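Chemist: Sequence first, predicted model second:
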Amino acid sequence: MATRKPLFMGADGRPTELSVSDIIPMANVPEMGAASVTVAGTAGAVPAPPIGGQVMFIRGDKQWVVPDHTLLGNLQGGTAGQFYHLTSAYNTALTGLSTAEIGTLSGVTSAIQTQLGGKQASITGAASSITTSNLSLSMALVSDGSGKVAASAVTATELGYLSGVTSAIQTQLGGKQATITGAATTITGSNLTVSRALVSDGSGKVAVASVTSTELGYLSGVTSAIQSQITAKMANPMTTAGDLLYGGASGTPTRLANGNAGQVLQSQGGTSPPVWATPGSAGEPAWTSRTAAANNVWQSVAYGNGMFVAVANSGSGNRVMTSPDAINWTTRVSAADIQWVGVTYGNGLFVAVSQTGTNRVMTSPDGITWTQRSTSGLDFQWQSVCYGAGKFVVVSLSGTNQVMTSPDGITWTGQTAAAVRGWKSVIHVPALGLFVAVAMSGTGNRVMTSPDAITWTLRASANDAFAWMGVVYGNGVLVAVTQDGTTQQAMTSPDGITWTLQTTPYTSMFFSAVVYGQGLFMAISTNGSIGGAMTSIDGVSWTAKSSPNSTVSITGMGYANGVFVALGSNMVLTRGTIIL
């Protein structure tokens with residue numbers, strides 16, 4: 001035979017070949033005859049064929065053998081009509097079973113009947129009520145009146161509400177108040193008026209107050225009885241609209257009746273009460289002479305960082321002086337002994353300019369220590385300096401660049417003026433968004449304006465033949481004064497573009513400066529021996545004033561921190577404080 005196949009003895013006593021497979025269908029297994037004789041004395045022996053022949057098996061070496069009882073021990077004894085079924089893995093004796101039924105034996109670990117005998121014949125007890133049909137969906141389960149499993153009326157969701165309960169629910173409920181009583185009985189049926197403070201009413205019940213929650217919040221931070229604090233405050237002494245209040249004796253609040261139109265409030269110094277005074281009248285504050293720190297010709301004064309600072313065009317190593325009050329002055333060493341003629345304060349820095357020398361700018365953060373700054377290529381006759389729109393701006397009487405600018409007072413850049421003129425004074429007017437400069441010389445158009453100090457536009461002055469010496473802004477108007485002319489030595493402008501001559505109370509005065517403070521424009525003459533000062537509320541109507549000094553020329557003037565300051569040779573004058 002080409003392949004080795006198992007054989008068994010057939011009904012005719014001959015070896016019969018059996019095809020091998022994982023499970024051989026019973027129909028393919030030849031039937032052996034009914035056994036009438038078995039091998040004597042051997043339990044479970046293989047039935048003999050009818051002719052009394054023995055069952056033989058062929059071994060792997062193709063030799064036929066009669067197995068002994070030991071080898072046949074793996075075969076189950078059978079009765080008539082049984083078949084011997086062989087697979088590639090094992091031999092079994094089966095009867096009337098399908099392949100699928102044979103497969104159900106997989107995994108059996110002990111005698112099946114023994115195992116079945118150990119099981120309960122039928123389901124009994126509480127579970128007997130749930131063996132034939134499903135329960136109602138999503139309900140809690142209980143034991144019924146017969147002790148059987150049954151669906152309750154409680155849903156699974158309702159049952160879930162027990163989660164988190166830590167003790168008997170009824171005990172907890174029994175410990176609660178059956179109904180709301182006391183003060184809260186008035187607020188159980190409806191909502192309260194929104195955003196109100198709550199109070200107890202006449203019956204001791206919770207009620208809404210007329211005070212809003214916002215108003216109640218104003219009590220935050222109160223540390224003691226409010227009425228006691230209010231009572232301790234000053235009483236109101238005012239009786240008429242327009243009255244003023246000042247500290248009287250021992251600081252007691254005291255009423256001062258309103259003054260007349262055009263009057264200004266004058267301080268009398270010390271503990272004396274303020275009084276109303278008419279500018280130009282005998283009651284107006286007088287000029288007071290102060291001792292200059294050095295015998296120099298003081299030209300310009302500025303105020304900043306709590307300090308007055310004045311500069312001079314003469315002196316030796318002491319061309320700066322400072323004062324906290326414009327009364328007591330102290331000399332300071334200037335960065336160089338050149339002619340310092342202008343000073344301003346801005347962006348935390350004092351900046352002074354000179355009309356002579358080399359490197360004609362010096363700066364100081366405090367007015368005490370000064371540093372000279374390079375103006376290489378820009379050493380012109382600088383006259384006036386101001387600060388505005390984030391930069392320092394200087395103008396000159398002459399030079400290629402008659403304007404120079406700096407963002408920090410240290411690095412300077414030359415700018416082209418609107419025209420070649422003797423530019424004398426420059427200011428910045430935030431209300432107009434303009435820099436405005438006036439000139440004391442040149443042919444026509446002695447005013448120029450600029451929004452940025454870089455691009456300048458020439459403007460016609462009220463009289464282009466006059467030497468305009470100073471310009472200032474106050475009370476919504478620009479005012480410039482001149483050292484020329486007869487009875488019209490001031491001009492005004494609302495915008496820096498259109499200028500109008502104004503009549504002044506003197507004839508041919510040498511007005512060199514004009515300032516604005518305490519609600520007044522004040523112009524001063526450079527030569528006190530032949531002139532004086534004048535004041536105006538609006539720049540149009542001017543009132544003559546006596547000269548601050550009739551023997552010494554006034555060379556510079558300023559106003560700051562409530563004080564008018566006039567400067568000259570070895571001279572400082574201050575004018576009594578007026579409070580507006």
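Modeler: Arrived safely. Numbering: from 1, shown residues only.
Chemist: residue contacts, Gly568?
Modeler: Applying CB atoms under 8 Å, 6 or more residues apart in numbering to Gly568 gives the contacts 297-298, 549, 552-556. In short, each C-beta sits where N, CA and C put it, glycine included.
Chemist: Please give the element, helix or strand, for it.
Modeler: According to DSSP states H and E, Gly568 maps onto strand 563-568.
Chemist: quick one on the thing from earlier: now, which of the contacts of Gly568 sits nearest Lys424?
Modeler: In terms of CB to CB, no member of those lies closer to Lys424 than Gly556, at 12.6 Å.
Chemist: What is the burial count for the closest one?
Modeler: Residues lying near Gly556 (other CB atoms under 10 Å) number 25.
Chemist: isn't there a strand covering it?
Modeler: Yes: the assignment for Gly556 by DSSP: H, G, I helix; E, B strand; the rest coil puts it in a strand.
Chemist: Between which two of the contacts of Gly568 is the distance greatest?
Modeler: Spanning the widest gap among the contacts of Gly568 are Val297 and Asn549, at 13.7 Å by CB to CB.
Chemist: List the residues that contact the nearest residue to Val479 once chain neighbours are set aside.
Modeler: For Val479, ignoring the flanking residues on the chain, the nearest one in space by CB to CB, 6 or more residues apart in numbering is Gly539 at 4.1 Å. Going by CB under 8 Å, 6+ apart, Gly539 touches 474-475, 477-479, 490, 492, 502, 521.
Chemist: Please apply the same query to Gly444.
Modeler: By CB under 8 Å, 6+ apart, Gly444 lies in contact with 460, 464.
Chemist: And the helices in the stretch 351-500 of the chain, which stretches?
Modeler: Using DSSP state H, counting those that start in this stretch, the stretch 351-500 of the chain contains no helices.
Chemist: where along the stretch 101-250 of the chain do the strands fall?
Modeler: Per DSSP state E, counting those that start in this stretch, the stretch 101-250 of the chain carries strands over the ranges 139-143, 149-155, 196-200, 206-212, 244-247.
Chemist: Just tell me which of those strands ends up closest to Met469.
Modeler: For Met469, the closest of those is strand 244-247, at 36.9 Å, according to CB to CB.
Chemist: what mean pLDDT would you report for that closest one?
Modeler: The average pLDDT within strand 244-247 is 77.
Chemist: got the contact list for it?
Modeler: Taking contacts as CB under 8 Å, 6+ apart, the residues outside strand 244-247 that touch it are 237-238, 253-258, 265, 273-274.
Chemist: what does the average pLDDT come to for the helix or strand following that strand?
Modeler: The C-terminal neighbour of strand 244-247 among helices and strands, as given by DSSP H and E, is strand 253-256. For strand 253-256, mean pLDDT rounds to 79.
Chemist: Strand 253-256 packs against which elements?
Modeler: Counting contacts by 3 or more CB pairs under 8 Å, 6 or more residues apart in numbering; DSSP states H and E, strand 253-256 packs against strand 244-247.
Chemist: so what strands line up beside the strand it packs on?
Modeler: strand 253-256 (antiparallel) (DSSP bridges).
Chemist: looking at it, Val311 is touching Ala352, isn't it?
Modeler: Yes: contact criterion CB atoms under 8 Å: Val311 and Ala352 qualify, at 4.9 Å.
Chemist: joint contacts of those two?
Modeler: With contacts defined as CB under 8 Å, 6+ apart, the residues shared by Val311 and Ala352 are 300, 320, 334, 340, 342-343.
Chemist: quick one: which of these is nearest to Ala417?
Modeler: So of the shared contacts of Val311 and Ala352, ranked by how close each gets to Ala417 (CB to CB), first place is Gly342, at 16.3 Å.
Chemist: pLDDT wise, what is the closest one at?
Modeler: For Gly342, pLDDT reads 98.
Chemist: My guess is it contacts Val301. True?
Modeler: No: contact criterion CB under 8 Å: Gly342 and Val301 do not qualify, at 10.2 Å.
Chemist: if we can go back for a sec, inside strands: which ones of the contacts of Gly539?
Modeler: Among the contacts of Gly539, the members falling in strands (DSSP state E) are 474, 477-479, 490, 492, 502, 521.
Chemist: ok, those vs Phe510, which is closest?
Modeler: Ala490 (13.4 Å).
Chemist: Please name the nearest non-neighbouring residue to that closest one.
Modeler: Spatial nearest neighbour of Ala490, excluding adjacent residues (CB to CB, 6+ apart): Gln502 at 4.5 Å.
Chemist: what's the neighbour count on the one you found?
Modeler: That count, for Gln502 with other CB under 10 Å as the rule, works out to 21.
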